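Q: when you get a sec, could you give me coordinates for this:
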Amino acid sequence: MHEVFPRTSALPLQSPIFWVQHKDRYLRQLLIRDIEAKTGRSLIVYYSDCDSQESGIDGRDDVYIAELLNGAGTGPVDLLLETNGGATDATEKICSLLRSNNRDLRVIVPRRAKSNGTVVALTGTHILMGMESELGPIDPHIGPVPVEFILGAPGGTMNVIDLQSALTFRMQTQKLAKSLLQTGMLKESDPDVVETLVQKLATRLHYHSHGSVIDSREASDLGLAVINHNPDDELWRLVCLLRAMYQFDCQQQGFVKVFEAAKISLVVAQTPIQPKPS
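A: Numbering: from 1, shown residues only. From the prediction side, this is the model:
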């Protein structure tokens, strides 16, 4: 029996109670399979509830990403990505996994991939974007403080250890971004072009706020390999519907992250709030 999305009059394959308990996941996975049929590529999803403080990229994510990639095989893959960013060490591991097996990878950003989320987006041969899509600067921070502020502070006002940390954090981010671009979407470009792009993204010289919006037009102007989709494009309408389902389901069910594919579904739940002692 062929399953389609939205449902026809055909009954689901699962038992009634089991289907009702897991219907949100089943409906998302039906839509994933519809998108795969249209693109001819496996689709994997890393969705974070960007309104949650627990949703940042961290050292646990690579296990879930590896599970999705193993399920996708060695064929071409699309990664639907939504995240505000997170830890650079964890980001580096995720990028390494996405580049494994020399796979043909594209990254779909229906709404936002900010900070180290933009770094993850650089792993693809192309970034698929639309009207609401945004990337962002990748300048690193130490806590809430941009490393550029620490490195640019007046002499003698900063701790020597903080200065060394800020310098190494900046070097790590720039090295990772440059390596991804030189071996991926900009491998045919002059090294000076890549260096200029990394400097724009990873310092405060071009973008003065870490939250600056880099839309599809600006991302393309920067030199990134962007495929822009109009709002009425059928593929993009499917992508936006799937993203809306993740946003709604995460908020309703208390998920901070969902890692999903056509036959795999892994979630990270929000930490329960502990009641205050009476």
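Q: which strand or helix spans the residue most central in space within the chain?
A: Centrality entry for the chain: nearest residue to the mean C-alpha point is residue 81, 3.3 Å, by Cα atoms, centre = their mean. Taking DSSP states H and E as the definition, residue 81 sits inside strand 77-82.
Q: what of residue 120?
A: helix 116-121.
Q: in its sheet, what does the helix or strand that that helix is followed by sit against?
A: Using DSSP H and E, the helix or strand that follows helix 116-121 towards the C-terminus is strand 126-129. Strands that pair with strand 126-129, judged by DSSP bridges, come out as strand 105-109 (parallel), strand 226-228 (parallel).
Q: who's in contact with the nearest residue to residue 68 once chain neighbours are set aside?
A: Distance criterion Cβ to Cβ, 6 or more residues apart in numbering; nearest residue to residue 68, sequence neighbours excluded, is residue 44 at 4.2 Å. C-beta coordinates here come from the backbone N, C-alpha and C atoms, glycine included. Residues near residue 44 by Cβ atoms under 8 Å, 6 or more residues apart in numbering: 65, 68-69, 71-72, 77-80, 259-261.
Q: out of those, which is most surrounded?
A: Top of those by neighbour number is residue 79, holding 26 neighbours under the definition other Cβ atoms under 10 Å.
Q: that older thread, tell me which of the strands paired with strand 126-129 sits nearest to residue 25.
A: The minimum distance between residue 25 and these falls on strand 105-109, with 19.4 Å, by Cβ to Cβ.
Q: so which elements touch whichever helix or strand comes after that closest one?
A: Per DSSP H and E, the first helix or strand lying C-terminal to strand 105-109 is strand 112-113. In terms of contacts (3 or more Cβ pairs under 8 Å, 6 or more residues apart in numbering; DSSP states H and E), strand 112-113 is packed against strand 77-82, strand 134-135.
Q: now do strand 112-113: everything it contacts.
A: So strand 112-113 is in contact with 50, 81-84, 107, 120-121, 133-136, going by Cβ under 8 Å, 6+ apart.
Q: quick one: those residues as CSV, columns for distance to residue 181 and pLDDT too.
A: Shown next, in CSV, are these (distance: Cβ to Cβ, whole Å; pLDDT from 0 to 100):
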residue, distance to residue 181, pLDDT
50, 25, 94
81, 17, 98
82, 22, 98
83, 19, 98
84, 22, 96
107, 13, 98
120, 13, 98
121, 11, 98
133, 19, 98
134, 19, 98
135, 13, 98
136, 16, 97
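Q: name the nearest of these relative to residue 275.
A: residue 50 (26.9 Å).
Q: could you list the buried residues of the helix holding residue 120?
A: 116-121 (16 or more other Cβ atoms under 10 Å).
Q: for these, which one is nearest residue 161?
A: Residue 161 lies nearest to residue 116 out of the buried residues of helix 116-121, by Cβ to Cβ, at 23.0 Å.
Q: which pLDDT value does the model give that closest one?
A: pLDDT for residue 116: 97.
Q: is the closest residue to residue 165 other than its chain neighbours in a bridge, and if so with what?
A: In space, and not counting its chain neighbours, residue 165 is closest to residue 142: 6.1 Å by Cβ to Cβ, 6+ apart. Note on residue 142: beta-bridge partners residue 145, judged by DSSP bridges.
Q: what's near enough to touch residue 142?
A: By Cβ under 8 Å, 6+ apart, the contact list for residue 142 reads 150, 162, 165-166, 169.
Q: in JSON lines: those residues, plus secondary structure.
A: Supplementary listing: the contacts of residue 142 in JSON lines, determined by DSSP: H, G, I helix; E, B strand; the rest coil:
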{"residue": "150", "secondary structure": "helix"}
{"residue": "162", "secondary structure": "helix"}
{"residue": "165", "secondary structure": "helix"}
{"residue": "166", "secondary structure": "helix"}
{"residue": "169", "secondary structure": "helix"}
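Q: thank you, goodbye.
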